Structure formats: C-alpha cells, structure tokens
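> Just to be clear, the model below is a prediction. Sequence and coordinates:
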Amino acid sequence: MLSIHLPVTRTTFRPTVLASLLTLSLGLLGVGPAQADEVSDVQAVLAAGKAAEGLKKVDQLLAGKPEDPRLRLQRGIALSLLNRNAEAIGVFQKLIESHPDLPGPYNNLAVLYGNQGEYEKARQALELAIRTNPAYTTAFQNLGDVYARLAGQAYKKALALDKSDSVLPLKLAVVQNIFESSVDPRKAPAPLATPAPAPAVAQVAVPAPVAKPAPSPVTATPAPAAVPKPAAAPTPVAKAEPAKADTGAATDRQAVENAMQAWAKAWSSRDMSGYYAAYAPDFKGKFPSRKAWEQERRERITSKKSIKVTLTDIKVKINGDQATVKLRQDYNSNALSVKSSKSFTLTRGRSGKWQIADEANR
C-alpha cells in the first residue's frame, strides 16, 4: 500500500507545500531499488522547484508504466506546481477511482480544493483520507485548517447579520490570524483596537527666582587712585564644536524610518522586487533557504486582491551599523485586517543602505 507522509507543518493550501515535502514510503510496496530510484529522482527534481522538468521526466517514465500509481501521483503534484490545477485534480480523481485505498491522493485533492476556496469539498476529501488511514497526521492537520476556514466564513456571515455583537470580530480575527504568517495567533489583538496615543511630553517646571537679600549699608571709603595697567591679552574663547554625533544619529534614524516606510509601501503595492530589497541578502525567515522564503512570500502577497500596510508609533535606536525598530503595524487586505506590535533589527550594508535582518511580533 502506498502511503504519503508530510512533516508537521501548517498548510496554507498551496501546491508548493506538496512539492517540497511529499515523500513516498516505497518499502511498503516491495518496490525494487531501480523503481524506487525513478520515483525519488522525480521527487528530487520537483523539490528543487523544477516543475516543468519534473513533469517531462515523469511523463517519459509513464510512457512505459502508464498505470504506476507512484508516477501518476508525482504527475499530479507536478501539474499543481505549474498551476495547472484542473489537470492535477483530474489526475488525483482518477487515481482515487483506480486506487481508493491510497490516502495521499485524497489529501492532495483537498489541498487543490482549498486553493480554490472550495473548503467543503476539501473537508470531504480529507475525511476520506483519514478513513483510509486513521494515522494520517497531515490529513488531520489539514482538516483542522479547513474547519478554521469554514469557521471564518460562518463568523463573517454572522457578523453581517448582527454587527452589534462585539465578540464576533474577535473570533473572526483569531481564526484569520492562523493563516497570516506575520501574526502570532496566540497574541491576536482585538480587530477594532485603536493605537495607543503618543505619550505626552512632560512639562519641565522652571523654579521661581530666589530673591537676594539687600546688601548691608557700608560706609564709603575713598578708593585709592587707580594705577593704569597694561591691557592683558584677551583669553581665547573655545568655540563650541557642532554636535556631529547627534546630527549623524538623527540622520541615521530618519534613514531607518524611511527604509521601513519603503518596505511597507512595497508590500502594499505588491512590488515583490522592492519588498525583497528591503531585507538583508541573507534573510530567510524561518525557511531553510532564501529562495523558499521568497517563494512563500510571493505566493502569499500576490494572492491578495488588495493590501495596505500602515506603520505608526515608530521608535528607532541606533548602535553603530545596527538599528532596532519597534512600531505598530496596521495590516489590511481583502482577506484580513489586523493590528499588531512588531520589532525589527536592521543592518547597514557597505552601500549605506539599511535592510531588515530580523523581524518578530512583540
């Protein structure tokens, strides 16, 4: 029996998750080394992001083994990576018809349905996967995400019917935050929260002048005749040096704030080149490589119809070529609206440009 195992990861119903993480338990099939190598080679090509090459390779192998379920599965994955979702769905459906005891095609089918927003179909496919393999951890996790999506739809409908319910917006925000990588769902703020006002500047009290006692009357004594003295050379007065350090720090702080605003602008306009350029070249977030991070961010950002990111209450501290930034982020898209507090570390490169080296919620 062919089984598919995915490491524990939150699915966002993106086919790329399948390509990079799907592996086959070929030993359970009694497959010989040569056959196992064929499928492993295809998987390696797909995992490297070469979907077109992987599809060509698997089609060549299928020409000699048209009914091989392992190769058919890989073909469906390759098609999904190429965004040929209708064809991929057809491959998985036919694979289910001929091999209804395989749990993997059900899960892959659910991922594609989820991509299209067909969460009810995704739920049904995942329940069939679990029925086929009750120990299928990934299917259970994907099913939880599907339930969260369905819950979000239900909360939206309820809120549209009753806007006076103050609890519904918070419930909706918590569910939506599960699918937004920049927000920690454990710290989901209320969606209607207003940024805290800037602290008032303390007034410095000026002490009242102390009255001096009047001088005691003194009997005037004739002053001796003044003897003219040669004029002393004036003592040179040291000129105050301009506060270069303060001016430089202020300039750096403004440059860092400008860099953060440019980042927010690129994000809002879905300008991926500008967005990537805002980060240090070695930044990769929680992903194994920069390429994987860029691919995930491109899919997440460009999938939104509209995005607006506003930064407020920006506080910058400079320490040499490193800056620490704390701010309030107001993120709004057609799918999610949430406010959060974030912190960033920026570094200054050789060109003098400030770039994000680390970011976190706080």
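Perfect, I can see it now. Numbering: from 1, shown residues only.
> only C-alpha atoms for contact and neighbour calcs from this point on.
OK.
> Is residue 311 located within a strand, as I assumed?
Yes: counting by DSSP: H, G, I helix; E, B strand; the rest coil, residue 311 is part of a strand.
> Quick check: residue 57 vs residue 68, distance?
Look at residue 57 and residue 68: by CA to CA, to the nearest Å, they are 14 Å apart.
> Neighbour count: these two, which is higher?
Here residue 57 and residue 68 are set side by side on neighbour count (other CA atoms under 10 Å), and the busier one is residue 57, at 18 against 12.
> could you measure the more buried one against residue 41, distance?
9 Å.
> How about residue 319?
49 Å.
> the more surrounded of the two?
Comparing residue 319 with residue 41 by neighbour count (other CA under 10 Å), the higher total belongs to residue 41, at 14 against 9.
> does the more buried one count as helix, strand or coil?
What three-state DSSP gives for residue 41 is helix.
> For it, give its distance to residue 261.
On the measure of CA to CA, residue 41 and residue 261 end up 45 Å apart.
> show me the contacts for residue 286.
residue 293 (CA atoms under 8 Å, 6 or more residues apart in numbering).
> Could you check which helix or strand contains it?
Secondary-structure element containing residue 286, defined by DSSP states H and E: none, the residue being outside all helices and strands.
> what does residue 146 give?
Following DSSP H and E, the helix or strand that holds residue 146 is helix 137-161.
> That helix: how far from the chain's middle?
When C-alpha coordinates are averaged (CA atoms, centre = their mean, to the nearest Å), helix 137-161 and its chain have centres 21 Å apart.
> Quick check: mean pLDDT of that helix?
Helix 137-161 carries an average pLDDT of 90.
> For it, list every residue counted as buried.
Buried residues in helix 137-161, counting neighbours by 16 or more other CA atoms under 10 Å, are found at 138-153, 155-156, 159.
> With stretch 59-67 instead?
Using 16+ other CA under 10 Å as the test for burial, stretch 59-67 gives 59, 61-62.
> what's the answer for stretch 72-90, then?
In stretch 72-90, the ones that count as buried by 16+ other CA under 10 Å are 72-81, 85, 88-89.
> ok, of the residues you listed, which one's closest to residue 249?
The shortest approach to residue 249 among the buried residues of stretch 72-90 belongs to residue 81, at 47.7 Å (CA to CA).
> Next secondary structure element downstream of the helix holding residue 146?
On the C-terminal side of helix 137-161, the closest following helix or strand by DSSP H and E is helix 167-177.
> just for the chain, where's the confidence low?
Applying pLDDT under 70 to the chain flags residues 1-36, 179-246.
> what about the helices in the stretch 201-350 of the chain?
Along the stretch 201-350 of the chain, the segments classed as helices by DSSP state H, counting those that start in this stretch run 244-268, 272-277, 290-302.
> Which of those sits closest to residue 176?
Closest to residue 176 of those is helix 290-302 (CA to CA; 13.7 Å).
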